[in-house]
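Student: Dropping the sequence and predicted coords here.
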Amino acid sequence: MRTQKVEHLKINGGRYYYRRRVPKKHQKTLGIENWNHPCGKVTYQQAVVLVTEWARKHDALIAALDNPETALQVRQETEADMMEPLVTGLVKAQKAGTLPSSFDPLDAARAGYEAVSTNQTFDDQDRLARYRAILDSSFGPHVC
């Protein structure tokens with residue numbers, strides 16, 4: 001009996017995984033280089049179903065990211081998600097009084113803005129996403 005290879009289905013140590021490279025042009029937008037999802041303790045047939053669903057979902061996402069407006073929205077969400085733990089830690093430290101008395105959130109936002117503005121490696125989309133993330137993290141509803 002001939003078996004057909006299932007794209008993106010990998011086996012490692014007897015476990016099944018979905019592994020797929022994010023297209024280079026969308027890596028910055030998504031903030032990752034690869035999708036790597038364990039299928040869990042499942043049979044081969046169940047792994048095929050899972051991997052096929054994930055591949056369909058990621059194919060749709062890749063197609064959607066070809067639209068610049070969608071890509072910008074996803075990029076902003078990615079930047080905000082990456083900054084959220086940092087901002088949460090900062091807010092907790094501020095409430096606990098463990099930040100230096102000289103710390104000023106507005107100065108921190110200005111410094112972030114200046115760093116983004118002067119970084120030559122950022123393109124316009126990078127800058128816009130980072131500016132919006134600074135705005136959300138510095139002046140969002142979580143800031144008292």
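Tutor: Everything's here; your move.
Student: any idea how far stretch 123-135 is from the chain center?
Tutor: For stretch 123-135, the gap between its own C-alpha mean and the chain's C-alpha mean amounts to 14 Å (C-alpha atoms, centre = their mean, to the nearest Å).
Student: mean confidence score for it?
Tutor: Mean pLDDT, computed over stretch 123-135, is 77.
Student: cool, and stretch 100-116?
Tutor: The average pLDDT for stretch 100-116 rounds to 76.
Student: what ranges do the strands span in the chain?
Tutor: Using DSSP state E, the strands of the chain run over residues 9-12, 15-21, 34-38.
Student: quick one: low-confidence ranges for this structure?
Tutor: Residues of the chain meeting the criterion pLDDT under 70: 1-3, 103, 137-138, 140-144.
Student: mind redoing it with 80?
Tutor: Residue ranges of the chain with pLDDT under 80: 1-4, 76, 79-109, 122-144.
Student: how does it divide into domains?
Tutor: The chain breaks down into these domains under automatic domain parsing: 9-65, 68-139.
Student: In TSV: these, plus mean neighbour count.
Tutor: The C-beta positions use only the backbone N, C-alpha and C, and glycine is treated the same way. Output for those, formatted as TSV (neighbours: other C-beta atoms under 10 Å):
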stretch	mean neighbour count
domain 9-65	14
domain 68-139	14
